[in-house]
Every structure is written in C-alpha cells, then in structure tokens.
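J.: here you go, sequence then predicted model.
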Amino acid sequence: MVFAAPNEALARAEGLLGADPSPLHASIAHQVIGIWQRDFGDTRRALAHLRRARDLAARADSAEREADVLATLGVALVHSGRTREGLAAFERGVARGTGHTRARVLYRRAYVWWVLGRHGEALEDVRRAIPVLRQADDVIWTARALTLRATVHLALGAVERADADFTAAEALWDTTGQEHDKADAVESRGLAAFRSGDVPAALRLLDEAEERYAKLGTPTFMLTIRRCEVLMAAGLATEALTEADGAIAALDGIGGQSTRKAELLLVAARAARLAGDPRTALARAAVAVRLFAGQRRTWYETHARLVLIEARVATGRGSGRLVADAAEVAERLAAFGAPAAPEASLLAGRIALGLGWTADAERHLAVAARSRHSGPPLARMTGWAAQALRAGSARGVLEACRRGLDVLDDHRMTLGASELRARATAQGAELAALAQRASLVSGGPRRLLVWSERWRATVLSAPPTRPPADPALLSGMTAFREIAARAEEARTDGGRPVPALEREQRRLEREIRSRTLHMRGEAPGDGDRFDVGRLLRRLGDDVRLVELAVLDGRVHVLLCGQGRVRRFEAGLLADAEREAEHVQAGLRRLAHPGAEARLPLVEAAGARLQELLLGPAAAHLGSVPVVVVPPGRLHRVPWALLPALRERVLSVSPSASSWLRARETAPPRSGRQVLVRGPGLASGGAEVPELADRYGTSPRTPGGEEAWAARGARPAGPEGGAGRREEPTVLEGSAARVPRVLRELDGAALAHIAAHGTFRADSPLFSSLRMADGPLIVHDFERLDRSPYRIILSCCDTARFASVGADELLGLVTALLPLGTAGVVACSAPVNDAAVVPLMLALHKGLDAGLSLAEALRDARAALPDDAVHQATGWAFSAFGAA
C-alpha cells in the first residue's frame, strides 16, 4: 500500500503500532514507516524503523519476514551513503529468503546495483528475479522488475529493449491500483522518450508524472533529476540549475537520501556549465565527486569527474594533466558502456588541440568521431564536432560541420515550440563557428556569408507548430490575462504589487509555458537553403545588404549588392555592445523634456558605433536603401542613429534568408486594415482616431465614445463588424479585447497597434501588448493562421528581443515574421508617447502614398521637429523585414 496510497499506508502503520501488535505485525508496520521515511522523508528515521523491523522479524522467528526487511534496509543504507553495510544486508537477505521472497530481495538488490551504476550486476539479479515473480503471479513486483530492467537498458543506451520492457510493465500496472508505481511508470516513459530524442513527449510525460505524484503528496526528487536532463537538452540550462538547486535545498530540509543529493549535485553541475557558470559547476561537481566516492558509486563518480574537468577547462585551466584526466574518464566510461564516453574523448581532444599536442588530439578525436553515425542526435553531434576538429582540410571541416548541423536541424524540427527550437541551436554553435573560421581562411566572402546564414535566426525558417485547441491551455491563457490585468490595476491604483495575484500569475505562466513546450514539431526541415546568387539577384543594383558576422570577437562586415559580396573588418563586438548600452541609456533620457544637452553625446556615440560596426564599409554603401542584418547580441542598436544610415531608407532583418522570405511574401488580397488602441497611454493613442478619419471610416459610435462621435468615425463595437471591407476595423475601449483583436488581426493587410508594450527578458514569449482585458502575449500571436502583412507597433520596447541559442532572437517581432508578416515597424527603447503621434501620422501618410515601411519611416523621421525629444523618438523606431 505504501506505493499505492503512501500517506494512508503511513497512517495505518502508525495506528497498528498503537494497538499492541504481535512482533510479526509490528515488524510489518515499522517496515512500512521505514519505506515511507526512506523514499519521502528522513533517512535517519527510516534506518531506525527498519532496524526495529528487522529485530522484530527475528523475534517472530520468520526467516522470510527477516529477509524482506533486510532488503528494504539494504536499500536505505545505500541511499544514506553506507554502501558496504547495505550490500552486506542484501547478502544476508538473499541467504535467509527462499523462492518468491528471495526473488523480491534480488529485485531490490538489482535496484541498488543500478543506483551504484553497476549495470551488469543489476541485469543479472533482475534476470534471476523475473521468472520467479511471474511464476508466483506477482503482478506488482513483476511490473517493478520490468520497469527497473528498462531503466538499466536506458542507462546503457539500449532504447529499444527499454521500450519493450516499459510497454510490458505498463500493461501490468493497468491491472493494479498502485498509483505511485503508475506515476513512476509514466516518469520512466518520459525518460525513454528523452533517450530516443523526443523532447516534447519527454516533457509532457514528466509533467503528467509530476501531477500524479502531487495528488499522492509525495516528493519527486528523481523526477526532478530527469526533468533537468531534458531541460538541458532543450537548451534550458538556467531553468535546470534553478530546479536542481531548489530540490537540493528541499532534500536537505527533510534529511533525505544522500544518494539523491549526489545525483542532484551532478545535474546542477552540468546545468551550471551549460549555462555559462563554470565556477558554480566546479563547486557542485566537486561535492558530487566526493559523495559518489564515499558511496562507492564509480559510474556516477566518473560522470561527475567529467563535468569537473569540463568546468576547469571553461575557466581557462587547460593543461597536460587535464588531457590525461579526460582520457582516463573516457576510458572508464567506455568500459562501463556509458553513452557519455565520446563526450569525454572529445573533451580530451579539445584540450590537447589547445596545447598543440596534435598527435594526442588526433587519437582522442578519432575515438569520439566514431559516434557520428549512430545514437541519438546529440551524441551524433558530438561525433561530427570531433570529426570537424580532426579534419585536415577546410573542405573536411565544412563537410563535418554541414553533416552535424543537419543532424541538429532534424532534431530541432521535432520541437514544436519556437522557444525550444531557438534554444536548441546553442548545441550547434561550435560547429557553426568552426565552419565560419574555415570559410574565412579558404573560401572568401561568399562562403563566409553562406555559413553566417547557416546558423542565424533559424527559428524564422519555418512557422512554429500552431498551439492545439487544448481547452486547458485556452482557459489557462484566459485566466492569465484576467489575473495579469487585475495585478496591473492594483499596481496602478495603489502603487504596490499584490503578492497573491503575482504568485497566481507566475503559476499560470508556468502552466501555459509547460503546455506549449509539449508541442511536437510538424514542419519538415528547411529544404530551401540560402542561395547567395538568389540574394544578389533580389538586391540588384538598387539595394545593399550589410550582414555582420562575428568571428573570435571581431565584427566582419559582409556587404552584398551589385552582384558581389565584399568583406570588411570592423571593431570588437564587446566594444560595440558597451557603446550600444550607452546609446540606449541616452535615448531613455531624451524621452523626457529637459535632457536636450545629451543629444550631442548620443550623436557622438552613434558615430563611434558606426566605426565599430561598419568600419570602412560605411564608405561603400552608396546612396541606395540598406538592409542591416546584425547578430543577435546587437539587436538593441538604433541603426538610424549611425551617421551613414541616418537619412537613408533603412530596414533591419534577423537574417538575409528572412529578408528574402519577407521580400517574396505576397500581400493578402483583401487589403483589410485594423487599428487598435489599448488603455492607459499617456497620449491616449491619439493617432488612431486621425488614422481612422484618414482611411475613410463612416459615422457610428459604440460605447458612448465622445471623441469618436465628434470625429464621426466608426470603430467596431464589442461584437459588431466594421462595415464595408475597405474601411478599417477600429478596436478600442471594450472592443480591444484579446480574442476580438486576434480575430481581426488574422490575415489583415495592415495593422496599427497603439498599446503599452512590455518586454520580458526572463520569459520573452510573455512579452506583451496591453489590451482592455489584459496582456496580448507572443503565445497569442502564434495562434494566428496568418499574421498581418504589415504591422506597426507604436509603443515602447516592442523591438526588444532575448538573444538565445547560437544566434536566435525571441520577442514580438520575431514571432510575427514566420507567420506571414513581411514588415514591422517597432521601437527598441522607451519613447515619449506624445512625440510618437506625429511620427505615426507621417508614417501612414507615406504608406498611403505607396511607400514601403522603410521608405515611409525615413520620410516620417525627416518630417519631425528637430528638437531632442522628437529626434530621439525617430531613432528609436526601426523597420523590420521588406514590406
């Protein structure tokens, strides 16, 4: 019962002990309490109860009872770090038990062998146990043994064998009421999905298991370990580190198993290393190594030593000793049959290469490269990285990089969520950098352009999987909007946040994000690979495209146009990032009257940025329109501030490929326009009524809006339509609710949204525009069949992005581009609301005259008053895409 209804079993056992039971029955009660404390509570209390259970079994003169308790005690001793005592208890248990009881003891010893990483012994004991358990028609213990054997197979990389055992165990669990065991089976299937490369299914199954455990009220430390492994594979290492550290604190709080603590420390160390925090990785891995050694768990100790070496290398400690240490770890892992062995060989090869030890490097890299043809995607990626490092020619490097990135492309496209696709690219960053260096040395500017495009803004190459019509997801998003609106209202009215509302908002965010990450990708990989010739034909003689590539910290300018690609060297990326931050600070100051003295300083910073980012290329731009393609880390640069770009037609694109797709996107036939005005703007969204007049609406006034009545314009009511197709739909007041706004935006030719924008660096897909009923978030936009062909976001921070993965951007603008939007005007800094109004009116005047967004924005800037506030407002807005 302790694994069917744990808390009820605990209560019954405690009740039995209060009724003066016989030694035999008291032994059972103490064993139940010991199991509960061992798995869900304090291991010290567990050991006390289990030793009492053993003594009572001996008093009852029941060898079978004593054998059973000795097995439970053996597990508890091993989990508390007393491996030698635990194994000795199992020896006595196997000797005391017979038949069916001995089979149960063997199963539990097999579990302990698995905990210790001794997989051969585990498989041998479970092989002996399963036939006896089946013969005894012991469904529960047979299912447990099959689940364990499957888990051991997974540790050895035998996914198909594991899947067969999991399937057989699941069929048996369906006939029982063992709810905790059933949850464990779901968790194990999640692990199997992960090992086979299906990250969305793994996340879905682990979340389902967590829900089952929550109903039982039991801790989930093993599930946390597995979930962290999946999060790391999905590029969410920072989240994995947070979860692992939280679980360690919780485990310490209840005096839980030291074996689990060591495993959590290992996971935390790996997560910290992947998150770019080598010092934390060193600290966690060092403790894990010490604990595993004391527990005599050499399998895990060796894995922890691998992370320790990786962290030392990341802190710049490459040495001959580390080459030897990594090689020793690789040999041990290979002897264990551990899937991580190629990773250790690759590490040894990398360190040796850095020291100039080419012969040693070749030996280790050749071993690692053997994994490139088989296994899960990330293992094959390791093999191709090793092959690229050992290739003797630029051609060999590029071929290995191409094959490795193709593997990762296939893996990425199994992921439905745009966030996972973006973050997964981090695993290909090394291959992309190797290919760029080889291109620079041997291939000229064209080849460098091809490889710069190969791993840039890849998430835009295909639309994300459309979120399913999941009632739970839809209701969660509705509840999130309501809670977020109430929290915002409370902050506005009282000036202070309401903790209860904010906690509920965070909970709903986690739920929405979790369900979104479960989506499996449907789109095939991008077969339409980047073609330099096609780009140059589109550019012709009338447009220049400037792609900025970063190699070893230096900016290389690839100037495309007039049928050729030229390369120029500019400044250091780190210097440009610092200067861009100074410019952003200056623009924030200039958004407020009285800061005019800062205008010359901001302009001077723009000139320094130009030198760092364009260098000598600035003199070769001509007088034609320019498209700038910056790396993700430069997304906050206000490009119109640079002197060479200030008065020209200028657009920005995340990649040359996305610019091409935008250029070739056909506008919708309807020509439908949508104007949206959200609440709480300082200007009141004053441009929207004037635009409604300009686009020719007819009189009708829903909701008693006096301003609309005075103008005679016709906004849409909460339920009604906007009238004739050629007239714009105007949504404001109670009509500007998220469901209605989304419905009208879908397939529109032009949308103008005047609403407060909020960028969420911590969770970019919850960046939002404030509507009447709460935030319109990026996840909402991803539900559109087709986003508006052109969209203008006349509010602060709508062009801010999170730079993730290798060179990917997540935010409002990048969510729209793969969904059918060809052009966006948005803002990368806080701006003065009143100064935005004339800029927007002038922008629409240009659009009405047939100009593109970039042309109209250039003319609108020129039409602004020349005071500091209006100039800063113009620089803060950029045109993205090609419409």
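T.: Perfect, I can see it now. Numbers count the residues shown, from 1 in each chain.
J.: G294: neighbouring residues, count only.
T.: G294 has 14 neighbours, counted by other Cβ atoms under 10 Å. C-beta coordinates here come from the backbone N, C-alpha and C atoms, glycine included.
J.: cool, and Q427?
T.: Counted with other Cβ under 10 Å, Q427 comes out at 25.
J.: next one: A334
T.: Neighbourhood size, A334 [other Cβ under 10 Å]: 15.
J.: identify the residues contacting it.
T.: Each residue near A334 by Cβ atoms under 8 Å, 6 or more residues apart in numbering is listed here: A341.
J.: give me the element it is part of.
T.: For A334, the element it lies in under DSSP states H and E is helix 320-336.
J.: now that helix: how far from the chain's centre is it?
T.: Here helix 320-336 shows a centroid-to-chain-centroid distance of 31 Å under the convention Cα atoms, centre = their mean, to the nearest Å.
J.: just the buried residues of that helix, please?
T.: By neighbour count on 16 or more other Cβ atoms under 10 Å, the buried set for helix 320-336 is 322-323, 325-327, 329-333, 336.
J.: continuing past it, what's the next helix or strand?
T.: The helix or strand immediately downstream of helix 320-336 is helix 341-355, counting by DSSP H and E.
J.: and the helix or strand following that next one, what does it pack onto?
T.: Sequence-wise, the next helix or strand downstream of helix 341-355 (DSSP H and E) is helix 358-369. For helix 358-369, the packing partners by 3 or more Cβ pairs under 8 Å, 6 or more residues apart in numbering; DSSP states H and E come out as helix 320-336, helix 341-355, helix 377-390.
J.: quick check: angle from the first one to helix 358-369?
T.: Here helix 320-336 runs at an angle of 30 degrees relative to helix 358-369 (axes from the mean of the first three to the mean of the last three Cα atoms, to 10 degrees).
J.: tell me the angle of helix 320-336 relative to helix 341-355?
T.: 160 degrees.
J.: okay but A71 is in contact with A110, surely?
T.: No: A71 is beyond contact range of A110, at 10.6 Å (criterion: Cβ atoms under 8 Å).
J.: circling back to that earlier point, just send the buried residues of helix 320-336 back as a markdown table, with distance to R65 and pLDDT too.
T.: Below are the buried residues of helix 320-336 laid out as a markdown table (distance: Cβ to Cβ, whole Å; pLDDT from 0 to 100):
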| residue | distance to R65 | pLDDT |
| --- | --- | --- |
| L322 | 53 | 93 |
| V323 | 55 | 94 |
| D325 | 48 | 95 |
| A326 | 50 | 95 |
| A327 | 50 | 95 |
| V329 | 44 | 96 |
| A330 | 47 | 95 |
| E331 | 45 | 95 |
| R332 | 40 | 94 |
| L333 | 41 | 92 |
| F336 | 36 | 87 |
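J.: okay, buried residues for stretch 161-178 please.
T.: Residues of stretch 161-178 classed as buried: 162-163, 165-166, 169-170, 172-173, 178 (neighbour count, 16+ other Cβ under 10 Å).
J.: same check, this time on stretch 145-163
T.: Within stretch 145-163, the residues that qualify as buried are 145-159, 162-163, counting by 16+ other Cβ under 10 Å.
J.: ok, stretch 757-771 next?
T.: Applying a neighbour-count criterion of 16+ other Cβ under 10 Å, one finds 757-760, 763-771 buried in stretch 757-771.
J.: how far off centre is that stretch?
T.: Centre-to-centre, stretch 757-771 and its host chain are 16 Å apart (Cα atoms, centre = their mean).
J.: over to stretch 361-370?
T.: Computed by Cα atoms, centre = their mean, the separation of stretch 361-370 from the middle of its chain amounts to 31 Å.
J.: looking at the protein, which helix or strand is least sure?
T.: In the chain, the helix or strand scored least confidently by mean pLDDT, DSSP states H and E is helix 706-711, which has a mean of 37.
J.: can you show me the helices along the stretch 751-883 of the chain?
T.: For the stretch 751-883 of the chain, the helices defined by DSSP state H, counting those that start in this stretch cover 778-781, 812-816, 833-848, 853-863, 868-876.
J.: could you do the stretch 501-650 of the chain as well?
T.: Counting by DSSP H, counting those that start in this stretch, the helices of the stretch 501-650 of the chain are 532-539, 573-590, 599-613.
J.: what's the pLDDT at P625?
T.: For P625, the model assigns a pLDDT of 97.
J.: where's the nearest residue to it once chain neighbours are set aside relative to T242, distance?
T.: If the residues on either side of it in the chain are set aside, P625 comes closest to V649, at 3.7 Å by Cβ to Cβ, 6 or more residues apart in numbering. Distance of V649 to T242, given as Cβ to Cβ, to the nearest Å: 45 Å.
J.: higher neighbour count, the two?
T.: Here V649 and T242 are set side by side on neighbour count (other Cβ under 10 Å), and the busier one is V649, at 21 against 16.
J.: in contact with that one, which residues?
T.: Contact analysis of V649 by Cβ under 8 Å, 6+ apart lists 624-626, 852, 854-855, 858.
J.: got it, and I35?
T.: I35 makes contact with 2, 46, 72 under the criterion Cβ under 8 Å, 6+ apart.
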